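Peer 1: heads up, no residue letters with this:
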């Protein structure tokens, strides 16, 4: 039987990804939405979570697709109402918010899913499988894109809690933390923050694993022309190159055949599986690395950024 | 039988607190130290952890008293060598570092103790006991002191990872997270960073619990004259005021009798108990709130700070 679901936050990511993935899923049936603006075809849209919960419409699960700064209170209300909750990435504007939601969900026996969609790109699990048990010598992540092209007019992304260049960068970190065979932490870093903004436009991280591998990550939102979403890893036995955000994989120079896989349909398949087995998945390691970057990095003021 | 212990980092906090507390303890016997400079009476001092571990001196436990930026690698080596580790606050320069140490200690079956010394101030446990089960209406923390008086010449404190005003402020947060009856998270914040420094000199936090209490915290390192280390809490049944960093407690206007208790001797008594029962205590909630503040706050450039 299909799981009935509502979507909160009818912005770009809901329309581009969540609504199509739900429509194509045998696991879920969309029954309602809540959003201060926007529409969803064929279902009633309430102004906010309170209106939705008061409507009497029965549903099992809810997907949180708003900007992270306003997600916590809505998610907390949904969990209190006994709903299973999917959190778009990043799962909160702070780590303690997510910790609080984890505690709520445990108390209420509901499923909480901190979804990292980039981990469902086709190259990720094959990369993880190849790296398992290997010793890493070095790794380099490059996550550079054009903010004007991918985030037109998204002002929340520049506000405190909006993460700036780490909004896309956390996708790369979600892959890196998934595929690396050893636990990694931030050793040092730098962030460039435009003088008229509250969030970084570029960042560099020096990371370390427990074996002394040299790992770097570079993030830049000023990349015009070709876009770079790549992770390369050198181990004692060979090299791995993950490109196009996890869509392609080259091992020791040979392009690997990959399974057909679309990120959001796979996210929703996992969400259904978690709900049906009564489990949660709340890995916070990508957000922890970003919080650590804000905490530990040298902050450098850079040129103002104009949209 | 006494637990043999070594101290790493013979700076101000080691001489002011750790060495006297160990000397006065029946649980511990100091056998060695490691530090690039400084001496410890009656025991050999090695330049670093490698020299100490290679010396052949047998010991059970080790206290990490260096600046947080250099603590992780030393603690990791100590855990690998099978030692029980006490971490001065903050337990690391990043959250992932502490998470990594927790994993090491689990793997090696050693005790890891993230010690928050201010939690051992005499008023803290009585405050926690009074607040247990109560509903908080509002709370206010004021943590204001004169950095020139308390941290003369400590340059590491202004470096990335040194936390700035949160170095003392995290003591207040360690008390706040201990005594509040409900889970708290950061909702909003501001940090003032001197234009010639990498860490904040002042900060304000707006916090929330799960019941809608209004909780604020203010930190300032420019406080001359009387120093303020206070937490006041109003509940539906009364008011609590913790002052002088946890040395005094007033409930509903009445000063409370408090047990005789010194922070560091109590820290070491707890460390001994953890070692003898094979347990760890690695609460990271104060550091998580500080990382969240860096992540979520508006950063404001302020006047240069001269020592």
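Peer 2: Great, that's in hand. This is a predicted model, so every value here is computed, not measured. Numbering: from 1, shown residues only, chains lettered A, B, ... in the order given.
Peer 1: Pass me the low-pLDDT residue ranges in the stretch 1-150 of chain A, would you?
Peer 2: The stretch 1-150 of chain A contains no residues with pLDDT under 70.
Peer 1: Can you tell me how far the most centrally placed residue in chain A is from chain B?
Peer 2: By Cα atoms, centre = their mean, chain A has its centre lying nearest to residue A:89, at 3.2 Å. Using Cβ to the nearest Cβ, to the nearest Å, residue A:89 is found at 15 Å from chain B. C-beta coordinates here come from the backbone N, C-alpha and C atoms, glycine included.
Peer 1: what's near enough to touch the closest residue to that residue other than its chain neighbours?
Peer 2: Once flanking residues are discounted, residue A:89 sits nearest to residue A:116: 5.3 Å by Cβ to Cβ, 6 or more residues apart in numbering or on different chains. Residue A:116 sits next to A:89, A:171, A:174, A:178, A:283, A:286 when contact means Cβ atoms under 8 Å, 6 or more residues apart in numbering or on different chains.
Peer 1: next one: residue A:146
Peer 2: A:221-224, A:227.
Peer 1: Let's see which of these end up in strands.
Peer 2: Within those, no residue falls in strands by DSSP state E.
Peer 1: Show me which of these are buried.
Peer 2: For the contacts of residue A:146, a burial check counting by 16 or more other Cβ atoms under 10 Å in any protein chain shown picks out A:221-223, A:227.
Peer 1: Need the outlier residue of chain A, farthest from its centre.
Peer 2: residue A:56 (31.3 Å).
Peer 1: Next to chain B in this structure, residues from chain A, please.
Peer 2: A:72, A:76, A:93-97, A:99-100, A:103-104, A:160-161, A:183-186, A:188-189, A:193, A:198, A:210, A:285, A:288-292, A:294-299, A:301 (Cβ under 8 Å from any Cβ of the partner chain).
Peer 1: Okay, and which of these map to strands?
Peer 2: A:185-186, A:188-189, A:193, A:298-299, A:301.
Peer 1: Filter the residues of chain A next to chain B down to the buried ones and hand me the ChimeraX line.
Peer 2: Those of these that count as buried under 16+ other Cβ under 10 Å are selected in ChimeraX with:
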select /A:72,76,93,94,95,96,97,99,100,104,160,161,184,185,186,188,189,193,198,285,288,289,290,291,292,294,295,296,297,299
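Peer 1: Let's see which of the residues of chain A next to chain B end up in helices.
Peer 2: Counted as lying in helices by DSSP state H, out of the residues of chain A next to chain B, are A:72, A:76, A:95-97, A:99-100, A:103-104, A:285, A:288-292, A:294-296.
Peer 1: What are the structural domain limits within chain A?
Peer 2: Using automatic domain parsing, the domain parsing of chain A gives A:3-115, A:119-259+A:291-302.
Peer 1: Which parts of the stretch 101-250 of chain A are strands?
Peer 2: Using DSSP state E, counting those that start in this stretch, the strands of the stretch 101-250 of chain A run over residues A:112-114, A:136-144, A:185-194, A:202-208, A:214-220, A:228-235, A:239-243, A:248-251.
Peer 1: right, so these: which one is the most enclosed?
Peer 2: Among the strands of the stretch 101-250 of chain A, ranked by average contacts under mean count of other Cβ atoms under 10 Å in any protein chain shown, first place goes to strand A:112-114 (a mean of 25).
Peer 1: Show residues contacting that strand.
Peer 2: If you take Cβ under 8 Å, 6+ apart as the criterion, strand A:112-114 is touched by A:79, A:84-87, A:89, A:91, A:98, A:101-102, A:104-105, A:270-271, A:274, A:280-284.
Peer 1: Among these, name the ones in helices.
Peer 2: Per DSSP H, the contacts of strand A:112-114 map to helices at A:79, A:98, A:101-102, A:104-105, A:270-271, A:274.
Peer 1: just those residues now: which is nearest chain B?
Peer 2: Lowest distance from chain B to these (Cβ to the nearest Cβ) belongs to residue A:104, with 7.4 Å.
Peer 1: Return the distance of the nearest residue to the closest one once chain neighbours are set aside relative to residue A:112.
Peer 2: The shortest distance from residue A:104 to any non-neighbouring residue, by Cβ to Cβ, 6+ apart, is to residue A:79 (4.4 Å). Using Cβ to Cβ, to the nearest Å, residue A:79 is found at 7 Å from residue A:112.
Peer 1: Residue A:197 now?
Peer 2: 31 Å.
Peer 1: repeat for residue A:135
Peer 2: If you measure residue A:135 against residue A:112 using Cβ to Cβ, the figure is 34 Å.
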